[in-house]
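In: Show me how the following folds:
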Amino acid sequence: MELTQRVIDTFSQSIESIRQAMDSIAPDVVRGANMLIETLLDGGKIMVCGNGGSAADAQHFSAELLNRFEMERPGLAGLALTTDTSTLTSIANDYSYEEIFAKQVRALGQNPDVLVIITTSGNSSNLCRAAQAAHEKDIRCIALNGKNGGGLNEILRDGDVNILVPGTSTARIQEVHGIVIHCFCDLIDKHLLGRD
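Out: Here you go, the predicted structure:
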């Protein structure tokens, strides 16, 4: 296959995945954004976690909150739980990799904070443990999830938001997660700043 055509096919697949997700997840994206706005207005913070590419998405989201998105505004309370290598490696070494986010949530989180969990499958045990730790502290969760939602579906409870991106391709799910993050940022800014 010609390389240019392969690139065009990848773009086409991405566009189709976005189109399929758009209608099905838009109401949940709005519910998630409203939860984030409520948290910020109540003086809470947004903690974000994920593994691999989803860890990069967690950092991306917290950077957009702490710095700015598309409009000038004061920084907002966002914290990526994926960035402190000393903390992550000490927890993994002294306890287990499954606890790397849960221990941070227990130490740093409090109501009315929100935990945003980014995952393409919902099956990572460290993310499931983080959701359980959040619930222990009466912290609500928003999952940017994928595939069939995995074990995380069983842990999330009423009051949480599960944004389940349809499809089976990890890359396509991650691309939709990127758009969801930007939708969150846009809706937060629109509400807080009252501008389009």
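In: Can you name the helix or strand that residue 176 falls in?
Out: Assigned by DSSP states H and E, residue 176 falls within helix 170-193.
In: Check the gap between residue 27 and residue 15 for me.
Out: 21 Å (Cβ to Cβ, to the nearest Å). For glycine as for every other residue, the C-beta is placed from the backbone atoms N, C-alpha and C.
In: meant to ask about residue 59, not that
Out: 26 Å.
In: Check residue 149 too.
Out: Residue 149 is 24 Å from residue 15, by Cβ to Cβ.
In: Tell me which of those two has more neighbours.
Out: residue 149 (19 against 12; other Cβ atoms under 10 Å).
In: packing partners for the helix holding residue 176?
Out: On a contact count with 3 or more Cβ pairs under 8 Å, 6 or more residues apart in numbering; DSSP states H and E, helix 170-193 meets helix 3-41, helix 53-66, strand 140-146, strand 161-165.
In: Indicate which one of the ones you listed is closest to residue 192.
Out: helix 3-41 (7.2 Å; Cβ to Cβ).
In: which helices and strands sit right next to the closest one?
Out: Counting by 3+ Cβ pairs under 8 Å, 6+ apart, helix 3-41 packs on strand 46-50, strand 114-118, strand 140-146, strand 161-165, helix 170-193.
In: next one: the third one to chain centre, how far?
Out: In terms of Cα atoms, centre = their mean, to the nearest Å, the gap separating the centre of strand 140-146 from the centre of its chain is 6 Å.
In: Kindly report the same for the longest one.
Out: In terms of Cα atoms, centre = their mean, the centre of helix 170-193 is set 9 Å apart from its chain centre.
In: what residues does that helix touch?
Out: Residues from elsewhere that reach helix 170-193 (Cβ atoms under 8 Å, 6 or more residues apart in numbering): 13-14, 17-18, 21, 25, 29-30, 32-34, 36-37, 40, 53-54, 57, 60-61, 64-65, 69-71, 73, 76, 118, 120-121, 144, 146-147, 163, 165, 167, 195-196.
In: contacting residues for residue 124?
Out: residue 51 are the contacts of residue 124 under Cβ under 8 Å, 6+ apart.
In: And for residue 33?
Out: With Cβ under 8 Å, 6+ apart, residue 33 has these contacts: 183-184, 187-188, 191.
In: Kindly recompute the last result at 6 Å.
Out: 184, 187 (Cβ atoms under 6 Å, 6 or more residues apart in numbering).
In: Residue 56 versus the residue nearest to residue 146 when sequence neighbours are not counted, what's the distance?
Out: Nearest residue to residue 146, sequence neighbours excluded (Cβ to Cβ, 6 or more residues apart in numbering): residue 173, at 3.6 Å. Here residue 173 is placed at a distance of 14 Å from residue 56 (Cβ to Cβ).
In: Likewise for residue 102?
Out: 21 Å.
In: same thing with residue 38?
Out: In terms of Cβ to Cβ, residue 38 sits 27 Å off from residue 56.
In: show me where pLDDT drops low in this protein?
Out: Scanning the chain for pLDDT under 70 picks out 1, 195-196.
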